[in-house]
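**Q** sharing a model that was predicted from the sequence below.
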Amino acid sequence: MNLHNTLEKHVKDAVKSLFQAELKSVEFQATRKEFAGDITVVVFPMLRIVKGNPAVIGERIGQYLQEHVDLVKGFNVVKGFLNIEIDDSYYINFFKNICQIENYGFAEAKDNKAIMVEYSSPNTNKPLHLGHVRNVLLGYSVSEILKASGKNVYKTQIINDRGIHICKSMLAWQRFGNNETPESTGLKGDKLVGNYYVEFDKAYKKEVNDLVANGASEEDAKKNAPILLEAQEMLRQWESGDENVVALWHKMNGWVYKGFEATYQNIGVDFDKYYYESQTYLLGKEFVDEGLKTGVFEKDPDGSVWCDLTDEGLDRKIVLRSDGTAVYMTQDIGTAIQRIKDYPDVGGMVYTVGNEQDYHFKVLFLILKKLGFEWAKNLYHLSYGMVDLPSGKMKSREGTVVDADDLIKEMAETAEEISKELGKLEDYSETEKKELYKTIGLGALKYYILKVDPKKRILFDPKESIDFQGNTGPFIQYTYARIQSILRKSEHLIGENSTADNIDLHEKERQLIKQLELFPEVIQNAAEQHSPALIANYTYDLVKDFNSFYQNVSILGAENKNEQSFRVALSKSVGQTIKNAFSVLGIDVPERM
RNA sequence: GGUGGCAUAGCUCAGCUGGAUAGAGCACCUGCCUUCUAAGCAGGCGGUCCUAGGUUCGAAUCCUAGUGCCAUCACCA
């Protein structure tokens, strides 16, 4: 029973005994700093049931609580706000209960239905960029948050491995590549393939210009440029299973997968299962047939198949082209069904995809419902805002994309520069240093992206480097390192039982315990709202409180052993909570920095 | 044009289901390293919470209308 519930019961009792009225609920909020007290009861909402002057009502309830509840040490009423002072023993007790729990904040897994979280979902024709980075960080973090909230989670992606885009790279490589390979060039596979995507575009543009110069219309030229026709032909050959094309496709996609894996590892994210579009679109087609039989879909005279969603206030949506080939929607229907077949324990799915596809997912979920799948009501589109540059959208063909690998490297370099200036790590080996720079650089990047509400767009200015001070990853990592330093210096105290019973809590200590108390609730909240930002902001508040404590109260220099070991234990708990919170954000914490 | 999202300090962002005088960081200005790591702490400056109405004891938060930016409305993905 937490403080909130306990007090709610007592306030209800108070109102019943004083005013003979039944409250349905009591509204609490944290007491503002400028007033004495720890928790505040808002009296106004009671006025509907209890008539009278709010100040007087507050006063009488306060009086009652002080007399009947041991926890309540004192109270004051300001306007309609009843500020309650809680006895230190409550906080000390609470702290004693949690200070040994390593995975504090994390709920036991009890839900036997699992959730599948999809993220990343790249095309295989170019390397990952900053946009993917946001996607991957969000998806990974939300997965970890869901786990921490007590759910079973499978992390997955859908790899867009077929289609005209990869054929363009294949064709350009065939034509201009001189049998280059990642091995022969030393390039990452995804970078190599991406280069040929750019090569294709160059050649295509040149052909279009030539055609226009020879009198063709712009529109015709764009449609009939020979290299484009050839790429389209290659796609048809792929679909008909042409051996050479398929072999080339395997080879180049293989290069890309290896490159992606390196980037994922670099970022520090992983997946439990991979899905490939080339393997799921056929299942989608089957279910289009199924839906035709049951009347969920309808066929137009030209043979195209549609789903009529006008009853839902939406349009008609195509699910199969007139030539019988699959569209995006077909594939997504197939993929969803395949996943449930593979993992029957999955009861819902989260799709981490940019908000430009809000409409698509609205439709997809509706269609799956219409097809009668029980789990369709538990689908969630984790829709996030675009990452824009000052110049606007990132365009791979215009070379304005921020490459994921480059970005991570630059962040580590910045961390290195700052670290060298501060010069606290002289005794570290080169490997240890490098590892630390990466931890800090990645911490800065991940925190920078995750602290923002997912649905808001992010403006990223490559010229202005990401901060390492203030509300940032490194600030929080730094605080963790400080705490570890204290723990190293007080190892002899850790084992000792701090009785902590006769301690008068310092205001900063009480504040810290209150903040620690919130953590489990924050995890649950973040899981419900699919928002790592809530975790980031919570952690920042905790760390600010700790630093204030650290700089105003001497930990190792406490007046007596009892207080000293209490403060060390409190620091340790804060450190553990930082570590736990950051682990669900996918951010590592350093022992020193 | 229809639909959806966003709009809070010079900049980047918090603000939970409506609650007290709207909070942080960066930037700018003051102090604080012979004591646990100054990537820090303490303080100052800085706001028509896009606009106009409405609901309410009470609105940055809810409703309506408008403005601005973004996305989307394809036999593209």
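**A** Nice, I can see it.
**Q** for RNA strand B, what are the nearby residues on the stretch 101-250 of chain A?
**A** Where the stretch 101-250 of chain A comes near RNA strand B, counting by C-beta under 7 Å from any atom of the strand, the residues are A:123, A:160, A:163-164. To be clear about C-beta, it is placed using only N, CA and C from the backbone, and glycine gets the same treatment.
**Q** just the buried ones out of those, please.
**A** Neighbour counting over those (16 or more other C-beta atoms under 10 Å) leaves A:123, A:160, A:163 as the buried ones.
**Q** can you put those in JSON lines and add distance to A:G348?
**A** JSON lines is the format used below for those (distance: C-beta to C-beta, whole Å):
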{"residue": "A:N123", "distance to A:G348": "26"}
{"residue": "A:N160", "distance to A:G348": "23"}
{"residue": "A:G163", "distance to A:G348": "28"}
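**Q** let me know the closest of the residues you listed to A:N266.
**A** A:N123 (19.3 Å; C-beta to C-beta).
**Q** returning to that earlier point: make a markdown table from the buried ones among the residues of the stretch 101-250 of chain A next to RNA strand B and add pLDDT and secondary structure to it.
**A** Shown next, in a markdown table, are those (pLDDT from 0 to 100; DSSP: H, G, I helix; E, B strand; the rest coil):
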| residue | pLDDT | secondary structure |
| --- | --- | --- |
| A:N123 | 92 | strand |
| A:N160 | 91 | strand |
| A:G163 | 87 | coil |
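**Q** which strands and helices sit next to the helix or strand containing A:V574?
**A** Assigning secondary structure by DSSP states H and E places A:V574 in helix A:561-585. Helix A:561-585 sits against helix A:88-98, helix A:130-148, helix A:430-450, helix A:473-489, helix A:491-494, helix A:507-529, helix A:532-552, with contacts defined as 3 or more C-beta pairs under 8 Å, 6 or more residues apart in numbering; DSSP states H and E.
**Q** lowest mean pLDDT across those helices, which one is that?
**A** Ranked by mean pLDDT, the helices and strands packed on helix A:561-585 end with helix A:491-494 at the bottom, a mean of 68.
**Q** mind listing the strands for the stretch 301-450 of chain A?
**A** Taking DSSP state E, counting those that start in this stretch, the strands of the stretch 301-450 of chain A run over residues A:305-308, A:316-320, A:346-354, A:379-384, A:387-388.
**Q** what's the closest of those strands to RNA strand B?
**A** strand A:316-320 (4.4 Å; C-beta to the nearest atom of the strand).
**Q** which elements pack onto that closest one?
**A** Against strand A:316-320 (3+ C-beta pairs under 8 Å, 6+ apart) you get helix A:277-294, strand A:305-308, helix A:328-342, helix A:358-370.
**Q** of those, which stretch is the most buried?
**A** Mean neighbour count, computed with mean count of other C-beta atoms under 10 Å, is highest for helix A:328-342 among these, reaching a mean of 21.
**Q** next, the angle from that one to strand A:379-384.
**A** 120 degrees (axes from the mean of the first three to the mean of the last three C-alpha atoms, to 10 degrees).
**Q** tell me the helices and strands packed up against helix A:328-342.
**A** So helix A:328-342, by 3+ C-beta pairs under 8 Å, 6+ apart, packs with strand A:273-276, helix A:277-294, strand A:316-320, strand A:346-354, helix A:358-370.
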